[in-house]
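Q: sequence plus predicted model, see below.
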Amino acid sequence: MSFAGKPVPHESARGHVTGDALYTDDLLLRFPRLLHAWPVLSPYAHALVKSLDVSPALTQPGVATVLTAADVPGEGDTGSSRHDEPLFPTEAMYHQQPIAWVLGETLEDARLGAERVRVEYEPLPAILTIEDAISAGSFLSGPFRLADGDMSVIESSPLLFDGELMIGGQEHFYLETHCAIAWRDETGGVAAHSSTQHPAEAQEVISRVLGLPRHKITVECLRMGGAFGGKEVQSNPWVAIAALGAWKTGRPVRVRLTRALDFALTGKRHPFLARYSAGFDDHGRLEGVRISYYSDGGWSLDLSEPILWRALFHTDNTYRLPAVELTGSICRTHKTSQTAFRGFGGPQGMLVIEEILDQAARRLSLRPDVVRERNFYREGDRTHYGQIVKDAGRIHTIWRKVKQSSEFDARRKEIDRFNENSPHRKRGLAITPVKFGISFTATFFNQAGALVLIYRDGSVQVNHGGTEMGQGLHTKIQQIAADSLGVPLEAVRVMPTRTDKIPNTSATAASAGTDLNGAAVADACRQLCVRLAAVAAGLLGCDASAVRFSNGLALGNGDESEGIPIARVCEAAYRQQVPLFAQGYYRTPDIHFDPKAGRGKPFHYFAYAAAVSEVEIDGFTGDYRLLRTDILEDVGESVSPVVDRGQVEGGFIQGVGWLTLEELVWNSQGHLATAGASTYKLPSWSEVPDVFNVGFLERAAEPGVVMGSKAVGEPPLMLAISVREAIRDAVAAFGDGGPLTFASPATPERVFFAVQAARAARESVRETIKR
């Protein structure tokens, strides 16, 4: 029996709904004498710390100690790339940045102690917007550049226009906020539980802060209650504080951010400002485009450089750019350090090219879907960074199929009729594609290891370097291992991720968790099957090449009635001194990129998809309803269809939130004003389409990837661009259908003012005609 490709439930689904599935903060009772940490927070977005007096905090009952820079035995910095994130800063760089940490017997003791700490500040001017950063020349990095073709063609294009697009950020709003527990072990080392996507980097950061070699540090991630990129590097400061507190006091220390602290202290999706010039021919074919990107990196570099590079890579989406010049700079502002978020810069780049294509279509009085299709890649085309667009024909296939299944053309006519007879409510329809490159753009991250253990009773433990954050990675790993070893699904247990089982792991990110870790597990299982086949051959009286394992049995030349239990084979292997454990390893082949030349093959393959969305807008309020969405996703041969469907649906809705609802607002003092669910609007059931159809492209196996599957974590998010474009289509129906734009997210307020502008433009045209 094969388990890969079967619709099995998430391996922790029952635990999720019963509460039996444990998260980091559920482990508190395992640690007697646990101390709790609370930060001393800067009231300024930018200020020098002139003096720090912690002695009053020590008079607060229940306070054990206060952590300051003087307590750090190693490096007092947790920055992942540039080492520019001091644990105890002498210059506050964003509002509520921690200056010191109080440890107390209870969280309330620690909080009250933090209130007593006396800090003298010298306020400094704060840069809070991308525009202000550009004016002040405040940059963290860049400019970076990607270019291809002859840009002189743009000046002679029949249609030439300029524009800009402001793209807002997004709060991760994982259900489980950041949390870490650390303690000293009996060997003089430190162990930690952390809600992190990258246990190996947490291990590295603790090692740096404590000045200990990494073999003295063990980090475990049991599971996460969501992450979306927000726990890739931004979990590091919290586990470092927990470890430092444990090192100083000799007691276990817990750091858990409340929702309010998580909002205030952690990075978001990068806001972007894009300024562009584009040239098209009379038929809507792009001739050349020049785009300058400015991302808001916040106060430190974090992962802003690879995020910006992915925006440059994905500016093409599914479209050939004959002549292109892209530049990108990372602005330094006095806000939280913006970080990884599902899509990792790709969504911002794609949104800009979709904006440009729609602008061109409306200026040429062409349907936007026609202009998009005319600019698609064809087989044999290369991207603007020189990579061949493998399987480019799938773009056309998916586009055609989802148009047919959604009855796009018929509904287009119906919507036009509806709009003619509805002066105050208008409907819009749009179709948009996705091409998303799969691999870490830092090529050395594209590797993974696994350790698979088989016990004498035939049961299996699987260890791998990936982390489970609700996305179903462990479920897929369980299916891959069961399939590879020919054992029942329930015979396989996927273990929590630990640095003492699999060393030097990459983050679970870039949609590559299954591609990398699944392939490493499959490699280990292949080694074990070879060993067990030799043992089983002796028991079955056949050649080892004839042995196969299925449904918990070792089979020779006969059917299952003649098979023997794998448990018997394992016992025999043990007695024959055959090792029942194996290490697996995988590295992604043939990927490379030269950033100086702007050429290479940074992606192993591309995932393709398309979505059709229909909305209805209230012209009086700007509010919208998402009536229907049809999605066709290329997931290769799905390892776990139920998990993949959940990823497509969830990613799409998260994208709808980013593009239509979720607005981050900082006030003039640098304080995040939308700092909770009451003011930061998240998508809910009301944003789920009334009709929601999700399908997978058939016969789409991807060669060279485990089980022929494709990544599915990030690509669906960009399908939500179809909702933004449907909103634009509906807004245009209030006017004369001409070009219009609005910043992202398309909140009801922005949509309302766009409707007013569309109506005003229509009246202006009518007045001009009358004259």
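A: Yes, it's here.
Q: how about Thr249, what does it touch?
A: 35, 64-65, 103 (Cβ atoms under 8 Å, 6 or more residues apart in numbering). Bear in mind the C-beta positions are built from the backbone N, C-alpha and C, glycine included.
Q: pretty sure Arg728 sits against Gly737.
A: No: counting by Cβ atoms under 8 Å, Arg728 does not reach Gly737; the two are 10.7 Å apart.
Q: the two - which one has more neighbours?
A: Arg728 (27 against 14; other Cβ atoms under 10 Å).
Q: may I see the buried residues of whichever strand or helix holds that one?
A: Secondary structure assignment for Arg728, by DSSP states H and E: helix 721-733. Neighbour counts over helix 721-733 (16 or more other Cβ atoms under 10 Å) mark 721-733 as buried.
Q: skipping adjacent residues, who's closest to the spatially most central residue of the chain in space?
A: Closest to where the C-alpha atoms of the chain average out (Cα atoms, centre = their mean) is Arg342, at 2.1 Å. Leaving aside its chain neighbours, Arg342 sits nearest to Phe228 (4.8 Å; criterion: Cβ to Cβ, 6 or more residues apart in numbering).
Q: then Ser668?
A: Nearest non-adjacent residue to Ser668 (Cβ to Cβ, 6+ apart): Leu128, at 7.3 Å.
Q: quick one, what contacts the one you found?
A: Contacts of Leu128 (Cβ under 8 Å, 6+ apart): 45, 333-335, 666, 668, 670.
Q: between the residues you listed, which is closest to Met151?
A: Thr333 (30.4 Å; Cβ to Cβ).
Q: I'd assumed Tyr294 was in contact with the closest one.
A: No: counting by Cβ under 8 Å, Tyr294 is not a contact partner of Thr333; they are 10.7 Å apart.
Q: spit out the residues that contact those two alike.
A: Joint contacts of Thr333 and Tyr294 (Cβ under 8 Å, 6+ apart) are 130, 133.
Q: on that earlier part again, out of the contacts of Thr249, which are inside strands?
A: 35, 64-65, 103 (DSSP state E).
Q: the helix or strand containing Asp369 packs against which elements?
A: In this assignment (DSSP H and E), Asp369 forms part of helix 368-374. Applying 3 or more Cβ pairs under 8 Å, 6 or more residues apart in numbering; DSSP states H and E, one finds that helix 368-374 contacts helix 346-363, helix 393-405, strand 425-438.
Q: so which elements touch the longest one?
A: I take that to be helix 346-363. strand 159-167, strand 272-280, strand 286-298, helix 304-313, helix 368-374, strand 425-438, helix 641-660, helix 721-733.
Q: go with 6 Å
A: Contact analysis of helix 346-363 by 3 or more Cβ pairs under 6 Å, 6 or more residues apart in numbering; DSSP states H and E lists strand 159-167, strand 272-280, helix 304-313, helix 368-374 as its packing neighbours.
Q: quick one: closest of the ones you listed to Gln387.
A: helix 304-313 (9.0 Å).
Q: am I right that Arg750 sits in a helix?
A: Yes: membership of Arg750 in a helix is supported by DSSP: H, G, I helix; E, B strand; the rest coil.
Q: so the closest residue to Asp594 other than its chain neighbours, which state does it fall into?
A: Distances taken as Cβ to Cβ, 6+ apart place Gly600 nearest to Asp594, at 5.4 Å, with adjacent residues excluded. Counting by three-state DSSP, the backbone at Gly600 sits in strand.
Q: go on, Val119?
A: For Val119, the assignment made with three-state DSSP gives strand.
Q: do you know the pLDDT at it?
A: Listed pLDDT for Val119 reads 98.
Q: how is the closest residue in space to it that isn't next to it in sequence assigned, secondary-structure-wise?
A: Leaving aside its chain neighbours, Val119 sits nearest to Leu52 (5.4 Å; criterion: Cβ to Cβ, 6+ apart). What three-state DSSP gives for Leu52 is strand.
Q: what about Leu52, how many neighbours?
A: 18.
Q: and the gap between it and Trp247?
A: 20 Å (Cβ to Cβ, to the nearest Å).
Q: repeat that for Pro715.
A: 42 Å.
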